[in-house]
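J.: only geometry, no sequence info:
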């Protein structure tokens, strides 16, 4: 009999620790079969990140921000015809950046990938964008550059990839530090792997004034500086909306090798939003378009769905908060930056 797939995440009657450690790369690609590619233009001060896989994979989405920008997310609902997709895109460029999905689709089509409709293959490439049009880059283009960036990112997809000022995080900003692209992974005791990939372009702050990360309680192996918790007398910053309506957003992917259906993946994405709330203050505002895709490669059966999905949902939130902090920790200074990088704080 086939293993039963998890369809929801409910709390258990008893509390227990969820032991986890980083994967070998501490990247979302520690989920076997997943690949990530980046492409960026530092004159444009923007870029695109693509997640794809060796074969189609299942996905869902949860949107909790008030200003999202998306493509093909409706078909990720559990009741839609298409069950598997070919790639996901996290891009800069606001609405223009959605064209990166077209470039990825062209690359997939060239390789014979896509949903079969008779003799035609139609690549399925949902995507989401952040607003980075007012970050000091040269946006005076004649032809939309994002399709080419999407194709380049897809063609470069691999297990290893850069964090910080790379891909979709190239032009990202936050309340007080330069934003960026982050990733992290967790391996649970039973071998199940969870990975997160995030573009942090938030209205809120990811640190207290001295530079310690809000996500510090969840840090593993000093992965974002090992500064520990903030001092007991250090006040939190009052959120100051330095960005205008529509200028902010944090977008992400949470992935696992556990065999979850689309309903369970929606719950996983919902839980991963707790990682935003733990690592960014404030999160999910009307000005942000905060969104998380959830992905399953289906490689590991879920045998005991109640405790296993409890652990997965907890790990999703924790791993996402770490990925957010790693995005800011890895950001690099570039000429013309409008914000300092975290590494320059001293």
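T.: Perfect, I can see it now. Just so it is clear, the structure is predicted and the values come from calculations on it, not from any experiment.

J.: all contacts plus neighbour counts: C-alpha atoms, from now on.
T.: Will do.

J.: can you pull out the helices in the stretch 101-250 of the chain?
T.: 146-155 (DSSP state H, counting those that start in this stretch).

J.: all strands in it, in order from the N-terminus.
T.: 115-117, 120-122, 127-129, 180-188, 193-201, 249-258 (DSSP state E, counting those that start in this stretch).

J.: tell me which of these is the most buried.
T.: Counting by mean count of other CA atoms under 10 Å, strand 193-201 has the highest mean neighbour count of the strands of the stretch 101-250 of the chain, with a mean of 32.

J.: what angle sits between that strand and strand 249-258?
T.: Angle between the axes of strand 193-201 and strand 249-258 is 170 degrees (criterion: axes from the mean of the first three to the mean of the last three CA atoms, to 10 degrees).

J.: on that earlier part again, turn the strands of the stretch 101-250 of the chain into CSV, columns for mean pLDDT and distance to residue 44.
T.: Formatted as CSV, the strands of the stretch 101-250 of the chain follow (pLDDT from 0 to 100; distance: least, CA to CA, whole Å):
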stretch, mean pLDDT, distance to residue 44
strand 115-117, 90, 33
strand 120-122, 92, 30
strand 127-129, 98, 15
strand 180-188, 97, 15
strand 193-201, 97, 16
strand 249-258, 97, 19
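
J.: buried sites along stretch 139-155?
T.: 139, 145, 146, 147, 148, 149, 150, 151, 152, 153, 154, 155 (16 or more other CA atoms under 10 Å).

J.: and the furthest pair within these?
T.: Across those, the longest distance by CA to CA is 24.1 Å; it joins 139 and 155.

J.: what sits closest to residue 294 if chain neighbours are left out?
T.: In space, and not counting its chain neighbours, residue 294 is closest to residue 254: 4.8 Å by CA to CA, 6 or more residues apart in numbering.

J.: that should have said residue 102, apologies.
T.: Spatially, and ignoring its direct neighbours in sequence, residue 102 is nearest to residue 147 (5.7 Å; CA to CA, 6+ apart).

J.: so what pLDDT did the one you found get?
T.: On pLDDT, residue 147 comes in at 98.

J.: one more: residue 305?
T.: pLDDT at residue 305 comes out at 72.

J.: do you know which of the strands of the stretch 101-250 of the chain lies nearest residue 135?
T.: strand 193-201 (10.9 Å).

J.: now the closest one: how far from the chain's centre is it?
T.: 4 Å (CA atoms, centre = their mean, to the nearest Å).

J.: for residue 173, what are its contacts?
T.: By CA atoms under 8 Å, 6 or more residues apart in numbering, the residues touching residue 173 are 132, 135, 179, 180, 200, 201, 202, 339.

J.: from residue 271, how far off is the fourth one?
T.: In this structure, residue 180 and residue 271 are separated by 22 Å, where distance is defined by CA to CA, to the nearest Å.

J.: before we move on, back to that, in CSV, list the buried residues of stretch 139-155 along with distance to residue 165.
T.: Output for the buried residues of stretch 139-155, formatted as CSV (distance: CA to CA, whole Å):
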residue, distance to residue 165
139, 18
145, 18
146, 17
147, 20
148, 19
149, 15
150, 17
151, 19
152, 17
153, 14
154, 18
155, 19
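
J.: just checking: what are the partner strands of the biggest strand by length in the chain?
T.: Ordering each strand of the chain by length in residues (DSSP state E) puts strand 46-63 first. Applying DSSP bridges to the sheet, strand 46-63 is found paired with strand 34-41 (antiparallel), strand 84-91 (antiparallel), strand 291-300 (antiparallel).

J.: between those strands, which gets nearest to residue 165?
T.: Evaluated over the strands paired with strand 46-63, closeness to residue 165 peaks at strand 34-41, with 8.9 Å, by CA to CA.

J.: and that closest one, how far out from the chain's middle?
T.: 13 Å.

J.: equivalent analysis for stretch 271-280, please.
T.: The chain centre lies 11 Å from the centre of stretch 271-280; the measure is CA atoms, centre = their mean.

J.: now it: average pLDDT?
T.: For stretch 271-280, mean pLDDT rounds to 96.

J.: number of residues surrounding residue 35?
T.: Neighbour count of residue 35, defined by other CA atoms under 10 Å: 22.

J.: what's near enough to touch the residue nearest to residue 294?
T.: Going by CA under 8 Å, 6+ apart, residue 254 touches 28, 194-197, 268-269, 272, 292-295, 316, 320.

J.: now the residues you listed in a markdown table, with distance to residue 164?
T.: Listed next are the contacts of residue 254 as a markdown table, based on distance: CA to CA, whole Å:
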| residue | distance to residue 164 |
| --- | --- |
| 28 | 14 |
| 194 | 20 |
| 195 | 17 |
| 196 | 14 |
| 197 | 11 |
| 268 | 25 |
| 269 | 23 |
| 272 | 20 |
| 292 | 19 |
| 293 | 20 |
| 294 | 21 |
| 295 | 22 |
| 316 | 21 |
| 320 | 15 |
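
J.: sweet, I'm off.
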